[in-house]
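Chemist: Return atomic coordinates for the entry below.
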Amino acid sequence: MQGVVGREVANLAAAALHDSFSATEAEGKRARARLLSSAGGPASAWLFQTPSAPSLRLSDFAFVVNGRQRLGLGAPTDVPALPCGGERCSELRQSAPDHPQSCTEVAHERWVRHQFKASAWRATARSAGCATSGEPHYARLATTAAGRDAAGLRRGDIVIDMMDGRVVVVDVTVSHPAAASHVDAAARSAGATARKREVEKKREWAAVGDGSGYEFRPLAAESFGRLGPESMSLLSEFGDMASAGGLVSKAAFVKSALTRISCAVARGNALVYGGATRKAVRAAGRGFLPGLQVPLQDVALL
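Modeler: Next up, the predicted model:
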């Protein structure tokens, strides 16, 4: 009874907080989108992880910056945002704390976040017993000339043997609900951004893979950690496979996989916000040098 009452009180408080923000003004819609996207277990999995493996460990900066993003605060720095816009950036909201999530000047960092998430999904598939390969060429998967033309040089992220005759092609994507292109829908419905991206990815695949025999699964996540329905469905399938041997429960496997994926997105978010501050360092002086990937890796040369 205590649990039931507690959840109901929490739901009422969450609804009141959501309704306290304007549904028509830009900042109010962004706040609503942030609150809806941050709610739920998958979006919060990184907060409760036990750092028992490298894939589950977050740096202090990563933990802080993801917490600040959930609060609408952005990176922990007093350095003002540098001017963006025109040819270098597609949005003019450079004063917004979460602008790095949409800024084209940190596109490389967002690509690395994408790779983190793809690696987490591949590890999850292999943990369930599935064989995988990375970056399948769409043109090689298409069975028609029209499909190969539509594919061009595009690649997926993972191809998976599901051990039941199905071969699944996976395309991973991460998007930001508070971005101008998503915020209207995201402010009204939780997970709207992830669902939209899954629909878009399926439409793109249809021109390439219809009739190919491959099953396509777009695995969309939002930058606050919420996963799309296709992601949750595939995780459930992996959980069934992993638990079939009786060595692990489905619930435990899915929880572990959610935590791995959540931490991957959180580490990527730290890179995105860190990229914005590196941009300030690059612009402030001359002869920019990036930091070493492994701290003090050249100490023997000193």
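Chemist: can we go C-alpha only for contacts and neighbour counts from here?
Modeler: OK.
Chemist: ranges for the helices of the stretch 1-150 of the chain?
Modeler: 2-19, 26-38, 41-44, 60-70, 107-127, 138-141, 145-151 (DSSP state H, counting those that start in this stretch).
Chemist: Check the separation of the first and last residues in stretch 158-175.
Modeler: 19 Å (CA to CA, to the nearest Å).
Chemist: From the chain's centroid, how far away is that stretch?
Modeler: Mean C-alpha position of stretch 158-175 versus that of the full chain (CA atoms, centre = their mean, to the nearest Å) differs by 17 Å.
Chemist: For it, give me every contacting residue.
Modeler: Applying CA atoms under 8 Å, 6 or more residues apart in numbering, the external contacts of stretch 158-175 come out as 114, 117-118, 122, 125, 130-136, 156-157, 193-194, 197, 201, 213-223.
Chemist: and the longest helix for this structure?
Modeler: The longest helix of the chain (DSSP state H) is helix 250-284.
Chemist: Can you check the pLDDT for L296?
Modeler: Note on L296: pLDDT of 58.
Chemist: Hmm, I typed the wrong one, I wanted G213.
Modeler: 89.
Chemist: hang on, it in a strand?
Modeler: No - using DSSP: H, G, I helix; E, B strand; the rest coil, the secondary structure at G213 is coil, not a strand.
Chemist: which residues sit in contact with it?
Modeler: Taking CA under 8 Å, 6+ apart as the test, what G213 contacts is V167.
Chemist: Distance check, the residue nearest to A33 when sequence neighbours are not counted against P136.
Modeler: The shortest distance from A33 to any residue other than its chain neighbours is 4.0 Å, reached at A187 (CA to CA, 6 or more residues apart in numbering). Separation of A187 from P136 (CA to CA) stands at 35 Å.
Chemist: Please apply the same query to R203.
Modeler: Noted for R203: a distance of 18 Å to P136, by CA to CA.
Chemist: Tell me which of the two has more neighbours.
Modeler: Shown here are R203 and P136; by other CA atoms under 10 Å, P136 has more neighbours (17 against 11).
Chemist: That one and L153 touch, don't they?
Modeler: No - when contacts are counted by CA atoms under 8 Å, P136 is not listed as touching L153 (10.5 Å).
Chemist: All the strands of the stretch 101-250 of the chain, residue numbers only.
Modeler: Remark: strands assigned in the stretch 101-250 of the chain by DSSP state E, counting those that start in this stretch are 132-134, 158-161, 167-175, 215-222.
Chemist: between those, which gets nearest to S37?
Modeler: Across the strands of the stretch 101-250 of the chain, S37 has its closest neighbour in strand 215-222 (7.2 Å, CA to CA).
Chemist: residue ranges with poor pLDDT in the stretch 1-150 of the chain?
Modeler: The stretch 1-150 of the chain contains residues with pLDDT under 70 at 80-95.
Chemist: whoops, the stretch 151-300 of the chain was the one
Modeler: For the stretch 151-300 of the chain, the ranges with pLDDT under 70 are 293-300.
Chemist: Start and end of stretch 175-190, how far apart?
Modeler: 14 Å.
Chemist: Kindly provide the distance from P97 to S133.
Modeler: Taken as CA to CA, the span from P97 to S133 is 38 Å.
Chemist: now swap in T124 and tell me
Modeler: Distance from T124 to S133, by CA to CA: 13 Å.
Chemist: out of these two, which sits in the busier spot?
Modeler: In this view T124 and S133 are compared by other CA under 10 Å, and T124 has more residues nearby, 23 against 12.
Chemist: how near is that one to D164?
Modeler: Separation of T124 from D164 (CA to CA) stands at 17 Å.
Chemist: Grab the nearest non-local neighbour of H18.
Modeler: Leaving out its chain neighbours, the residue that sits closest to H18 by CA to CA, 6+ apart is R32, at 5.8 Å.
Chemist: Surely that neighbour touches A187?
Modeler: Yes - using CA under 8 Å, R32 is in contact with A187, at 4.8 Å.
Chemist: anything in contact with each of those two?
Modeler: A23.
Chemist: re earlier: name the stretch among the helices of the stretch 1-150 of the chain that sits most buried.
Modeler: Among those, helix 26-38 has the highest mean neighbour count (mean count of other CA atoms under 10 Å), at a mean of 22.
Chemist: what's the angle from that one to strand 215-222?
Modeler: 120 degrees (axes from the mean of the first three to the mean of the last three CA atoms, to 10 degrees).
Chemist: Run through who's touching helix 26-38.
Modeler: Under CA under 8 Å, 6+ apart, the answer for helix 26-38 is 18, 21-23, 43-44, 70, 72, 177-179, 183-184, 186-191, 222, 224-226.
Chemist: List only buried entries from these.
Modeler: Buried subset of the contacts of helix 26-38 (neighbour count, 16 or more other CA atoms under 10 Å): 18, 23, 43-44, 70, 72, 177-179, 183-184, 186-187, 190-191, 222, 224-226.
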